[in-house]
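A.B. asks: Fold the following and give me the result.
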Amino acid sequence: MSLALIKRQIAQFLQTDTLEVMAIRGAWGVGKTFAWNKYLNEAKHNNRIALDNYSYVSLFGLNSMDELKLSIFMDAIHKKNIDVRCF
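C.D. replies: Next up, the predicted model:
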């Protein structure tokens, strides 16, 4: 899958106001999280984010639906806080 296609799919996902789930698959260490964060930040700076909150969840190490639900809740971020660094 090309980087341009991934960028286009993430942009389309972020611009819709329909509640959806997006899965980004790939081998360990290929840049899935990096790509998500990069294109999410670009969308924020270009005012192209439809919904107020998003969650990025890695399924690695999750063993149940309860753990997945908790991770979705705990990792939720409001669009105004995208790219805000907390040290």
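A.B. asks: Just give me the residue right at the centre of the protein.
C.D. replies: Tyr56 (4.3 Å; CA atoms, centre = their mean).
A.B. asks: what's the next secondary structure element after the helix or strand containing Arg8?
C.D. replies: Secondary structure from DSSP states H and E places Arg8 in helix 3-15. Downstream of helix 3-15, the next assigned helix or strand under DSSP H and E is helix 32-45.
A.B. asks: which residues are contacting the following helix or strand past that following helix?
C.D. replies: Downstream of helix 32-45, the next assigned helix or strand under DSSP H and E is strand 53-55. Residues from elsewhere that reach strand 53-55 (CB atoms under 8 Å, 6 or more residues apart in numbering): Leu14, Leu40, Ser71, Ile72, Phe73, Asp75, Ala76, Ile77, His78, Lys79, Ile82. Every C-beta, even on glycine, is put in place using the N, C-alpha and C of the backbone.
A.B. asks: Inside strands: which ones of these?
C.D. replies: Among the contacts of strand 53-55, DSSP state E puts Ala76, Ile77, His78 in strands.
A.B. asks: ok, those vs Ala27, which is closest?
C.D. replies: Ile77 (25.7 Å; CB to CB).
A.B. asks: of the ones in strands among the contacts of strand 53-55, buried ones?
C.D. replies: With burial judged by 16 or more other CB atoms under 10 Å, the buried subset of those is empty.
A.B. asks: Export those residues as CSV, with columns for pLDDT and distance to Ile49.
C.D. replies: Putting those into CSV (pLDDT from 0 to 100; distance: CB to CB, whole Å) gives the following:
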residue, pLDDT, distance to Ile49
Ala76, 93, 14
Ile77, 92, 11
His78, 94, 10
